[in-house]
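using only what follows, build the 3D model:
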Amino acid sequence: MTVVPPASEVGAMYELPLLAGHTTSSVQAMNDAGDVVGLSLDANGDGSLVRWGADGSLTPLQAVGGGAGTAEAVKIVDGGTVAGFTATPDGVRHAARWDAAGVLTRLEEPPGHVRGEARDINDSRVAVGQVSTDSTTLPVRWGADGRATVLRLPPRADGGAATAINERGEITGHVSVPGDKTRSVRWDRTGRVHDLGSLGGSYGEPSAINDRGTVVGRATDENGTWKAVRAPLGRKLGALPSQDFSARSVQVNNADVVVATVKDRSLRWSTTGTTELALLRGTGHTFVRGINDAGTSVGTSDEFAVTWDAQGRVTALPVPAGLDGADPVAINAAGSVAGNVGSAGTWPVRWRAVVWR
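Next comes the predicted model:
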């Protein structure tokens with residue numbers, strides 16, 4: 001099945017193919033070239049991590065031992081390299097990288113560490129994440145050769161995780177400090193660690209760092225309320241304006257435009273101010289999943305898949321009749337969207353991975 005539409009049909013939805021004998025699938029990430037990574041599953045929920053090429057090709061990603069097994073992708077970069085984790089038969093997760101042919105490389109675990117997960121990767125194939133013992137989790141950077149470097153911790157910190165890396169090699173993440181608290185940090189290209197401060201609360205969770213070095217994520221204030229936050233390069237975290245509570249899904253593009261869902265609405269922050277992302281008529285809640293460098297956002301308005309332009313205006317993505325649920329996952333530089341569609345009329349819901357181009 002080809003997934004590349006004729007130019008006159010850009011904006012239509014296309015189902016991605018399944019492995020033989022499989023009945024469901026789900027998207028996990030997409031790159032700017034239009035390649036998609038996700039799962040192809042049989043009726044029992046067993047299956048494989050796969051890569052769908054923009055040309056319609058389907059490539060299973062190798063599991064530990066060469067067979068099928070539990071795995072998850074967090075990102076696919078240009079060139080088709082995928083990062084995430086794969087689990088051994090005993091259920092232990094190990095940080096992993098797959099090349100465009102689907103060949104697995106297990107990323108190094110330093111001596112004494114028995115598990116790991118990659119959380120992000122850049123186009124230089126440098127990945128970040130965490131490695132763990134039975135009692136400690138540490139932030140780590142894996143070079144293009146798969147070798148691990150444990151990242152420095154600030155004073156008093158006793159663990160942490162790296163959550164994102166940009167194309168310049170700058171990293172963000174969080175560290176744990178006594179009292180079951182977490183602090184947001186940034187590691188520069190020399191490996192030095194910088195505390196990004198807090199909103200007066202106990203927790204910080206960075207989710208992204210763009211190529212300008214701007215970190216975004218969420219943090220609790222002195223009342224324990226989760227707020228969307230931003231820290232431009234060289235500055236501490238600050239709460240973004242016009243928020244309610246319960247911020248989540250905070251993302252940023254390379255123009256420093258930030259989107260997030262706050263309570264049951266979604267907001268967009270840019271140099272021109274704060275914009276609420278519009279609802280489809282007849283719906284009551286929005287959830288934003290991402291934004292590309294052109295400023296187009298993707299998410300849902302109730303159960304409908306939508307995009308929003310730079311003014312916050314909403315457009316529904318087309319879904320064939322009989323499908324009443326959609327979960328867009330990612331939008332790339334060209335404006336293509338990858339996600340999942342299904343029908344609530346069947347149980348369990350038979351989800352299928354799709355792209356809108």
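
if residue 260 is in a bridge, with which residues?
residue 267 (DSSP bridges).

could I get the pLDDT score of it?
We note a pLDDT of 98 for residue 260 in this prediction.

touching, it and residue 248? I think so.
Yes. Under the criterion of Cβ atoms under 8 Å, residue 260 makes contact with residue 248 at 7.0 Å. Using the backbone N, CA and C atoms, a C-beta is placed for each residue, glycine as well.

touching both of these two, which residues are there?
Residues touching both residue 260 and residue 248 (Cβ atoms under 8 Å, 6 or more residues apart in numbering): residue 218.

the two - which one has more neighbours?
Taking neighbours as other Cβ atoms under 10 Å, residue 260 and residue 248 compare with residue 260 leading, 27 against 16.

which stretches of the stretch 201-350 of the chain form strands?
Under the criterion DSSP state E, counting those that start in this stretch, the stretch 201-350 of the chain contains strands at 215-221, 226-231, 238-239, 247-252, 258-262, 265-270, 273-276, 286-291, 297-301, 304-308, 314-316, 325-331, 337-342.

show me the shaky parts of the stretch 51-200 of the chain.
65-69 (pLDDT under 70).

same thing but 80
Within the stretch 51-200 of the chain, the segments meeting pLDDT under 80 span 64-69.

again with the stretch 251-357 of the chain
344-349.

now do the same end-to-end measure for stretch 301-312.
Using Cα to Cα, to the nearest Å, the span of stretch 301-312 from its first residue to its last is 13 Å.

would you mind listing the buried residues in it?
301, 304-308, 310, 312 (16 or more other Cβ atoms under 10 Å).

outside of that stretch, which residues touch it?
Contacts for stretch 301-312 (Cβ under 8 Å, 6+ apart): 257, 266, 268, 270, 275-280, 283-286, 288, 295-300, 314-317, 319, 324-328, 331, 335, 337, 339, 341, 356.

hmm, 6 Å instead?
268, 275, 277-280, 283, 285-286, 295-298, 314-317, 325-326, 328 (Cβ atoms under 6 Å, 6 or more residues apart in numbering).

and the buried ones among the residues you listed, selectable in ChimeraX?
In ChimeraX, a selection of the buried entries from the contacts of stretch 301-312 looks like this (16+ other Cβ under 10 Å):
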select :268,275,277,278,279,283,286,295,296,297,298,314,317,325,326,328
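
for residue 61, give me its contacts.
Residue 61 touches 49, 98, 102, counting by Cβ under 6 Å, 6+ apart.

centroid residue for this structure?
residue 74 (5.7 Å; Cα atoms, centre = their mean).

so that one sits against residue 82, correct?
No. Contact criterion Cβ atoms under 6 Å: residue 74 and residue 82 do not qualify, at 8.5 Å.

out of the strands of the stretch 201-350 of the chain, which gets nearest to residue 36?
Among the strands of the stretch 201-350 of the chain, the nearest to residue 36 by Cβ to Cβ is strand 337-342 (4.8 Å).

elements contacting that closest one?
strand 24-30, strand 325-331, strand 352-356 (3 or more Cβ pairs under 6 Å, 6 or more residues apart in numbering; DSSP states H and E).

in the sheet, which strands lie alongside the first one, parallel or antiparallel?
Strand 24-30 has its sheet partners listed here by DSSP bridges as strand 36-41 (antiparallel).

mind listing what's buried along the following helix or strand past the strand it pairs with?
Remark: after strand 36-41, the chain's next helix or strand is strand 47-52, criterion DSSP states H and E. Across strand 47-52, burial judged by 16+ other Cβ under 10 Å covers 47-52.

show residues contacting whatever helix or strand comes next after strand 47-52.
Downstream of strand 47-52, the first helix or strand assigned by DSSP H and E is strand 58-60. Strand 58-60 has contacts (Cβ under 6 Å, 6+ apart) with 17, 48, 50-52, 102.
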